[in-house]
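Sequence and predicted structure, then a few things I'm wondering about:
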Number of protein chains: 2
Amino acid sequence: MTTQLKEAVNGNLTPQMQSVAETERIPIDKLCEAIAQGKIVIPVNNNRLEICKPVGIGEGLRTKVNANIGTSPQKSDTGRELSKLKVAIDAGADTMMDLSTGEDIDSTRKKILEVCNIPLGTVPIYQAMRETASLRDMDIGGFLDVLRRHAEDGVDFVTIHAGITRPALPLLENRKMGVVSRGGSFLIRWMREKNQENFLYEYFDEILDVVVEYDLCLSLGDGLRPGCIDDATDEAQLHELKILGDLAARARCAGVQVMIEGPGHVPIGQIRKNVELEKEFCQGAPFYVLGPLPTDIAAGYDHVAGAVGGALAAGAGADFLCYLTPREHIGLPDEQDVREGVVFARIAAHIGDIEKNIPGARERDQKMSEARVKRDWVKMGQYALDQQRYDELVKLEDRTDKCSMCGELCAVKVYQGEGG
Amino acid sequence: MTTQLKEAVNGNLTPQMQSVAETERIPIDKLCEAIAQGKIVIPVNNNRLEICKPVGIGEGLRTKVNANIGTSPQKSDTGRELSKLKVAIDAGADTMMDLSTGEDIDSTRKKILEVCNIPLGTVPIYQAMRETASLRDMDIGGFLDVLRRHAEDGVDFVTIHAGITRPALPLLENRKMGVVSRGGSFLIRWMREKNQENFLYEYFDEILDVVVEYDLCLSLGDGLRPGCIDDATDEAQLHELKILGDLAARARCAGVQVMIEGPGHVPIGQIRKNVELEKEFCQGAPFYVLGPLPTDIAAGYDHVAGAVGGALAAGAGADFLCYLTPREHIGLPDEQDVREGVVFARIAAHIGDIEKNIPGARERDQKMSEARVKRDWVKMGQYALDQQRYDELVKLEDRTDKCSMCGELCAVKVYQGEGG
């Protein structure tokens, strides 16, 4: 089997590349070259080529938004997660991740894949954790077994926390929040208890053997991402990032597409630096950020804080935003939370795209403003980022020249010599 | 009568300065000097010295948040606006503005002032507009009459669009959105129809005579603020900003405190520049921004886009954020919209304060993180920016060591050697 990356390196254009080039309005040879260089990925499992919408992620493309769903031991209801999946896709999510840790994870994943027509990612270590009797029993064998199941089922990208290594552990001592990545915390405890190197790092080639077979895209996880703004951009985080850069290069040599996951909690003044360091250390690999959150105290509104950080990150070159919901840090999201999470992240992505001069981004703002000058309330709805919300807020009978906000005191109207 | 500015210039410490210095945790001599230089204002009407909470706005102080309320010809219900006032203050607004244009504006304002114990601002030109039979009849006499009524009633700061002058009019020709400030659009139409200079500019000294008598703080309005990102930072906007700088200097000479209002729709890449230009042209006067909105297409979510722009602006040195509600551009906000608007702006302000190193800002994040490490759900609620929301989302029975999100799979717990 081949991979998108191998084809790109050989200059062969796949149907997925053709689709992405059209959607993104960029020349296909430029796209192909960027994929070959590892600057763009198209995460799609070889088993899902006919099913999954080709989505390009990386330099020069529209910033994409991922939405997480998944069962948990506390709430293991696959039907509910499928409902959230539908909400997220309807709200405009570009990709989904299934982070299930509840009952029968295999079955949940299969059901999600039956209906998910956009790229689906997973974090196989979660299932590996759940399937071992105790933490000490975890090993590369069990992990590869889970990974292969995910790949066979059709998962398009997987998070692998292979960048945490033993030299990083002492660097964590000065941290305020320690480790807040679930995969990261398990691996570190395993490494400490077993006094061994991270098996994901040690057996990275074996992981590549599995993923290359299905053309899974690797999302190299940041297990040491900062969990509070005071821990941002610290030695532990940068140590891991450098290793992720090395692993990315190895993955590409094996024909495997790679993204890099990023923080996390980061003050706004450090966000650009974080993007620049990722691009430098990881040879321009697509950067997939969680937030970033520029404050720790927005509990209940982390999707707002995340929109601030995400817009800045995207504007600085981040390629892929993982949504945050209002329940981040405090609980599990419901459907309404998922919807808001996706939309807020899309707003952030779009603000970033204006800054990055992504083809078509600013044009939509221009069309919205043209509709505003004409007080054309129908057209405004068409250009609104979330048309469903617009339809809820602007009643049909209000879509007239009579502005529902200011009436005859409308500044636009008065300026044009009417109203007043 | 004296003013806060005159007292500061003479090195006299007022009770208001003492209160602000304590609240903001800065040395009072430093505060007094900054007021004397025009870099900080304390907007409080001489008639409200005993009633109004002293709020400092400007360099080195916590970024403040303003919430707008007000009746309109479409919806003239003072009771409803009083209800929004309460919601805004409960949600943490630092100041309020009454933008009423409905029936009996005087009565509405008086009722608002009866209950508003934080600085209240108004835009007297709105009432002047409503009280003249036709636009052509507007003149400085009618305006000063309204202004004096506002001052006598106890209004603490007023928006005056005195910076729009005739040479700016040709600069508007190339704009996509024209003029979107209500006061600005009226004045420009008046200037065009009468072929005369802006009477607020021409009779600025007469305006100063009224406001200095009550120590009203001037908020010099940006009538030419961009209404779409393509119009941002254009010649018209900068022309007005320079004039605002001149007017600010004149006001200070008269002993009048001044803030400068700013945009508007601005792409993220131009926000810092906008703040720097304001500080340069206006001798460091406090900068009061509306948003800014870094995209035009977030209808229904302009409070999200505004949080992105507001956080960046505050981080770059803006001092005062005017909230946006989800109804911006599409209708009048209800109580829930007001609440969200205030909270989203406060998140933006806090993110900016972390960047500006405002005393106490980062400490709250640190305390939140300390509570997180200990999984102390009660303390987390105390440090959450919006404790009411936290209480709604995190039920009392969930405030235990058993994380309601991940249970025993809690990363923090696993990292500490528990759970798993």
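Structure's in. What do you need?

pretty sure residue A:169 is touching residue A:190, no?
No: using C-beta atoms under 8 Å, residue A:169 makes no contact with residue A:190, being 11.7 Å away. Glycine gets a C-beta too; all of them are placed from N, C-alpha and C.

Please say which of those two ends up with more neighbours.
For residue A:169 versus residue A:190, neighbours defined as other C-beta atoms under 10 Å in any protein chain shown are more numerous around residue A:190 (21 against 16).

gap between the more buried one and chain B?
10 Å (C-beta to the nearest C-beta, to the nearest Å).

which stretches of chain A aren't confidently modelled?
Applying pLDDT under 70 to chain A picks out residues A:402-405, A:420.

which one's the longest helix in it?
In chain A, with assignment by DSSP state H, the single longest helix is helix A:335-356.

Determine if any part of it is in contact with chain B.
Yes: for helix A:335-356, a contact with chain B is found by C-beta under 8 Å from any C-beta of the partner chain, at A:343-344, A:347-348, A:350-352, A:354-355.

now those residues as TSV including neighbour count and distance to residue B:143?
Shown next, in TSV, are those (neighbours: other C-beta atoms under 10 Å in any protein chain shown; distance: C-beta to C-beta, whole Å):
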residue	neighbour count	distance to residue B:143
A:343	25	43
A:344	34	42
A:347	27	39
A:348	35	42
A:350	26	41
A:351	33	38
A:352	28	43
A:354	23	39
A:355	22	41
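
can I get the residues you listed in TSV with distance to residue B:77?
Shown next, in TSV, are the residues of helix A:335-356 next to chain B (distance: C-beta to C-beta, whole Å):
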residue	distance to residue B:77
A:343	31
A:344	31
A:347	32
A:348	36
A:350	36
A:351	35
A:352	40
A:354	38
A:355	41
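
and which of the residues you listed is nearest to residue B:276?
residue A:355 (17.7 Å; C-beta to C-beta).

ok, and the closest non-adjacent residue to the closest one?
residue A:315 (3.4 Å; C-beta to C-beta, 6 or more residues apart in numbering or on different chains).

Which residues are in contact with the one you found?
Listed by C-beta atoms under 8 Å, 6 or more residues apart in numbering or on different chains, the contact set of residue A:315 reads A:351-352, A:354-356, B:268-269.

what's the helix or strand for it?
Here residue A:315 sits within helix A:302-316, counting by DSSP states H and E.

tell me the contacts of residue A:370?
Counted by C-beta under 8 Å, 6+ apart, residue A:370 has contacts A:379, B:176.

Apply 10 Å and report the result again.
Counting by C-beta atoms under 10 Å, 6 or more residues apart in numbering or on different chains, residue A:370 touches A:376, A:379-380, A:383, B:176-177, B:228.

Following the chain onward from the helix holding residue A:315, which element is next?
Heading C-terminal from helix A:302-316 (DSSP H and E), you reach strand A:320-322.

Is that following strand positioned near chain B?
No: if you take C-beta under 10 Å from any C-beta of the partner chain as the test, strand A:320-322 misses chain B, and the best it gets is 12.5 Å.

how distant is that strand from the center of its chain?
How far strand A:320-322 lies from its chain's middle: 3 Å, per C-alpha atoms, centre = their mean, to the nearest Å.

tilt between the one helix or strand residue A:372 maps to and helix A:335-356?
Assigned by DSSP H and E, residue A:372 belongs to helix A:361-373. Interaxial angle of helix A:361-373 relative to helix A:335-356 (axes from the mean of the first three to the mean of the last three C-alpha atoms, to 10 degrees): 110 degrees.

so what's residue A:141 up against?
With C-beta under 10 Å, 6+ apart, residue A:141 has these contacts: A:128, A:199, A:203, A:206.

Looking only at the helix or strand harbouring it, what residues are buried by neighbour count?
If you go by DSSP H and E, residue A:141 is part of helix A:140-153. For helix A:140-153, burial by neighbour count (16 or more other C-beta atoms under 10 Å in any protein chain shown) applies to A:140, A:142-144, A:146-151, A:153.

What of stretch A:247-267?
A:247-248, A:251-252, A:254-267.

which among those are in contact with chain B?
A:265, A:267.

Would you quantify the distance from the closest residue to residue A:356 other than its chain neighbours to residue A:141?
Nearest residue to residue A:356, sequence neighbours excluded (C-beta to C-beta, 6+ apart): residue A:315, at 6.4 Å. Computed as C-beta to C-beta, to the nearest Å, the residue A:315 to residue A:141 distance reads 44 Å.

Restrict whatever helix or strand residue A:125 lives in to CA atoms and write it as CSV.
Remark: residue A:125 resides in helix A:124-131, with elements defined by DSSP H and E. Output in CSV follows, covering the C-alpha atoms of helix A:124-131 (Å, rounded to 0.1, in the frame of the first residue of the first chain):
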residue,chain,number,x,y,z
PRO,A,124,-5.0,4.6,21.2
ILE,A,125,-3.1,4.8,24.5
TYR,A,126,-6.4,5.5,26.2
GLN,A,127,-7.8,2.1,25.2
ALA,A,128,-4.5,0.4,25.9
MET,A,129,-4.7,1.9,29.4
ARG,A,130,-8.2,0.6,29.9
GLU,A,131,-7.3,-2.9,28.6
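
That one: how far from the chain's middle?
Counting by C-alpha atoms, centre = their mean, helix A:124-131 comes out at 21 Å from the chain centroid.

do stretch A:189-206 as well
Computed by C-alpha atoms, centre = their mean, the chain-centroid distance of stretch A:189-206 equals 26 Å.

Just the endpoints, please. Distance across it?
Stretch A:189-206 has an end-to-end distance of 22 Å (criterion: C-alpha to C-alpha, to the nearest Å).

Can you point out the buried residues in it?
The neighbour-count check on stretch A:189-206 (16+ other C-beta under 10 Å) flags A:189-191, A:198-201, A:203-204 as buried.

ok, now stretch A:376-393?
For stretch A:376-393, a neighbour-count test (16+ other C-beta under 10 Å) marks A:377, A:379-381, A:383-386, A:389-390, A:393 as buried.

touching chain B at all, it?
Yes: contact of stretch A:376-393 with chain B (C-beta under 10 Å from any C-beta) involves A:377, A:380-381, A:383-393.

what about residue A:322, neighbour count?
Neighbours around residue A:322, by other C-beta under 10 Å: 23.

Touching, it and residue A:288? I think so.
Yes: assessed by C-beta atoms under 10 Å, residue A:322 is found in contact with residue A:288 at 6.6 Å.

anything in contact with each of the two?
Joint contacts of residue A:322 and residue A:288 (C-beta under 10 Å, 6+ apart) are A:64, A:66, A:95, A:121, A:219, A:261-262.

what's near enough to touch residue A:258?
Residue A:258 neighbours (C-beta under 10 Å, 6+ apart): A:5, A:38, A:41, A:157, A:160, A:211, A:217-220, A:244-245, A:247-252, A:282-283, A:285-286.
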